[in-house]
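> need the 3D shape of this:
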Amino acid sequence: MTPLPRWADVLLLPVLNLLLALGVTALLVLATGNDPAVALRALAVGSLGSADAVGYTLYYATNLVFTGLAVAVAFQAGLFNIGAEGQAALAGLGVTAAALGGLPAPAVLPLAVAAGALLGAGWAAVPGWLQARRGSHIVITTIMFNFIAASLTVWVVVNLLTQPGSMSPESRRFPPAADLPGLAAFGLPGSAPVNLALPLALLAAAGVWLLVWRTPWGYALRVLGGSARVARYAGIPQARMTVAVMALSGALASGVAVNELLGAQHRLLLGFTGGYGFTGIAVALMGRNHPAGVLLAALLFGALTQGGAELAFEMPALPSEIVVLIQGLVVLFAGALGNMLRPGLARVLGRV
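Below is the predicted model of the structure:
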C-alpha cells in the first residue's frame, strides 16, 4: 500500500473519496434531467439548514454511532459482526421490560439502559461463543440471529405487549419516568427528537478509544485481530476474548434502543431498528474502524438520511432511490475503492 502522511491518510483521502462520490452523483442526477446543483443544495439545506434539520441529522447520527462502534470494536478483533440489527432489537425488549416493569421512578432510566445493554450483549455473545468453541463462522451466525431476533420481537409485541383491542402492533406507552430528556429540555433550539442518547454515544466513542487503544486488554484485542497465530503465541485467551468483544459489540448496539425507544418513541414499535445495524457496517468501514472516524462517518450518513427527506420534497421528479444511491456511492468510493486515489495523491504530495 502506498504510504501517505498520517493527516492525508486520515483526513484528505476520505474527503477526496467523498467528493468523488458526490461528483458521480451529480452526473447521475444530470442524466435524469434534473439540476445537480439544486439537488446537492437541497441535501445540504435539508440536513444543516435549520435547527430542526441539524437536530434530526444528529438524531439519525446517534443511532449510527452506536452501530458503527459495535461493528468497529468487533472488527478490531478480526470479527465481522453483521448482527447489530438483531442485537439492537433484543435490547429493545430489555429496555421495554424495565420501562414497563413498575420500577421506582428514579431507577427506571438507568435500569432500562442497563437491561438493554445486558440483552444486547447476551445476544451477541452467543455467536461469539459458537465461533470460539464450535468453529461456527461469526458472519453466518450473526446474520441468522438477526432473523431470530426479528421473529422473537414480533411474537413478544403481538402476543404479550399489544394492548387488548388495539390494532397497532406496539406496546403501551412507557411511563414518563422512562422518557430520556430531549436536548430541547436544556434550552437548545428546535423540536427534533435528538436527546441525551447523543452525549451517551459520544461517551461510548471515547470509552471505546480508551479501552481499545489505551489499555492492555485493548492491545491484546488488536493483536488478536492482526494475527490469531501471534495472539496464540503470546498466550492471549482467544476464546474468552472473542466472546467478550462480541458481548461489548452487542452492548454498544443497544444504544439504538435507548435512542429510539426511551428518547423518541416512548414505546416498543416493530421495526424500530430501521436498518441502522446494516448501515453501521458502512459507517465503520468508512470510519476506518476508529471511534473518531465512526463519529464523522455517522454524521455524514445522518446528514444524507435527513437531507434525503428534504430532497424528495424539493425535487419530486427525482427518483426516490437517489439517496440510497448516494450512500452506496459513498461506501463504494470510501470503502471498496478507498485506495484508488492513494497512488496519485502520494505523487502529488511528493512533488509538493
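> quick one: contacts of stretch 97-117?
Residues outside stretch 97-117 that contact it (Cβ atoms under 8 Å, 6 or more residues apart in numbering): 91-92, 94-95, 161, 171-172, 174-175, 177-178, 180, 200, 251, 254, 257-258, 261-262. The C-beta positions use only the backbone N, C-alpha and C, and glycine is treated the same way.
> same thing but at 6 Å, please
A91, G94, V95, F174, A177, A178, A251, S254, A257, V258 (Cβ atoms under 6 Å, 6 or more residues apart in numbering).
> the fourth one and W123, how far apart?
The one in question is F174. The spacing between F174 and W123, counted by Cβ to Cβ, to the nearest Å, is 22 Å.
> likewise the fifth one?
Distance of A177 to W123, computed by Cβ to Cβ: 26 Å.
> what about the two, which has more around it?
Between A177 and W123, counted using other Cβ atoms under 10 Å, the more crowded position is W123 (30 against 14).
> which helix or which strand is home to the more buried one?
According to DSSP states H and E, W123 maps onto helix 105-134.
> skip ahead from that helix and say which helix or strand is next.
helix 138-156.
> give me the buried positions along that next one.
I138, T141, T142, F145, N146, A149, A150, L152, T153, V156 (16 or more other Cβ atoms under 10 Å).
> what's stretch 261-280 in contact with?
Contacts of stretch 261-280 (Cβ under 6 Å, 6+ apart): 63-64, 67-68, 71, 84-85, 88-89, 92, 95-96, 157, 169-171, 173-174, 179-180, 193, 195, 197, 256, 260.
> show the average pLDDT along the helix holding W123.
Helix 105-134 carries an average pLDDT of 95.
> start the count at 30 instead of 1 going forward.
Taking 30 as the first residue, the last one we looked at is helix 134-163.
> kindly calculate the angle that that helix makes with helix 167-185.
In terms of direction (axes from the mean of the first three to the mean of the last three Cα atoms, to 10 degrees), helix 134-163 departs from helix 167-185 by 140 degrees.
> list the buried residues of helix 134-163.
Under 16+ other Cβ under 10 Å, the buried positions of helix 134-163 are 137-138, 140-161.
> strands along the chain, start to end?
With DSSP state E, there are no strands along the chain.
> how about low-confidence regions in the stretch 180-329 of the chain?
214-219 (pLDDT under 70).
> how about 80 then?
Filtered on pLDDT under 80, the stretch 180-329 of the chain yields the residue ranges 192-196, 212-220.
> likewise the stretch 30-179 of the chain?
30-33, 35, 37-40.
> 70 instead?
For the stretch 30-179 of the chain (pLDDT under 70), the answer is 30.
> G264: what's it in contact with?
Per Cβ under 6 Å, 6+ apart, neighbours of G264: none.
> can you give me the helices for the stretch 230-379 of the chain?
Along the stretch 230-379 of the chain, the segments classed as helices by DSSP state H, counting those that start in this stretch run 245-255, 257-262, 267-282, 284-286, 305-315, 320-343, 351-360, 371-380.
> look up how far L72 lies from V223.
Distance from V223 to L72, by Cβ to Cβ: 19 Å.
> what does P193 give?
P193 is 45 Å from L72, by Cβ to Cβ.
> G123 too?
In terms of Cβ to Cβ, G123 sits 36 Å off from L72.
> then L148?
Counting by Cβ to Cβ, the gap from L148 to L72 is 36 Å.
> show me what contacts the closest residue to Y305 other than its chain neighbours?
Once flanking residues are discounted, Y305 sits nearest to N92: 4.3 Å by Cβ to Cβ, 6 or more residues apart in numbering. By Cβ under 6 Å, 6+ apart, the contact list for N92 reads V285, N288, Y305.
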